[in-house]
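1. sequence first, predicted coordinates after that:
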Amino acid sequence: MGRKVILTLMSVIFVFTFAGIGMAAEKGNKRKGKYTYRKVYKACSERGEVDSAKPIVNPDVKTQAQWKRVFDNKEFDEFACKQEWDKLSEKDLLDIFTYLHDHAADSPTPAKCK
């Protein structure tokens, strides 16, 4: 009887451990993403490609699914500042995606760049 209890307990721990690992997908840092997103436009503005250092695309102009599609396909044309976007690392892109996705129009906390 004792072995069955221990075996059952170990099985439950095993299942929860692997379920937790599977659910822990890589996610970026939305605070760094917001900073990096603004930094891209500041550099672009200093170079003279855009008029303002304020990002031209707010997070709430798309849904979460639309942001996912943009970053999956790497379609950054609407953002302008191609030179700056081409320099971003995968980690920077993940952080920016997390910021935009987490504050999309259909998210619990939609946001606009201020």
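-> Yep, it's here. The structure displayed is predicted, hence computed values, not measured ones.
2. would you mind listing the buried residues in stretch 35-52?
-> Within stretch 35-52, the residues scored as buried using 16 or more other CB atoms under 10 Å are Thr36, Tyr37, Arg38, Val40, Tyr41, Lys42, Cys44, Val50. From N, CA and C alone the C-beta is placed, and that goes for glycine too.
3. and which of those is nearest Glu90?
-> Thr36 (12.3 Å; CB to CB).
4. in contact with the closest one, which residues?
-> Thr36 makes contacts with Leu88, Asp92, Asp95, Ile96, as judged by CB atoms under 8 Å, 6 or more residues apart in numbering.
5. so of these, which ones are in helices?
-> Taking DSSP state H, the ones among the contacts of Thr36 that sit in helices are Asp92, Asp95, Ile96.
6. buried ones among these?
-> Buried members of the ones in helices among the contacts of Thr36, scored by 16+ other CB under 10 Å, are Asp92, Asp95, Ile96.
7. turn the residues you listed into JSON lines, including pLDDT and distance to Lys4.
-> Converted to JSON lines, those look like this (pLDDT from 0 to 100; distance: CB to CB, whole Å):
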{"residue": "Asp92", "pLDDT": "96", "distance to Lys4": "52"}
{"residue": "Asp95", "pLDDT": "96", "distance to Lys4": "48"}
{"residue": "Ile96", "pLDDT": "95", "distance to Lys4": "51"}
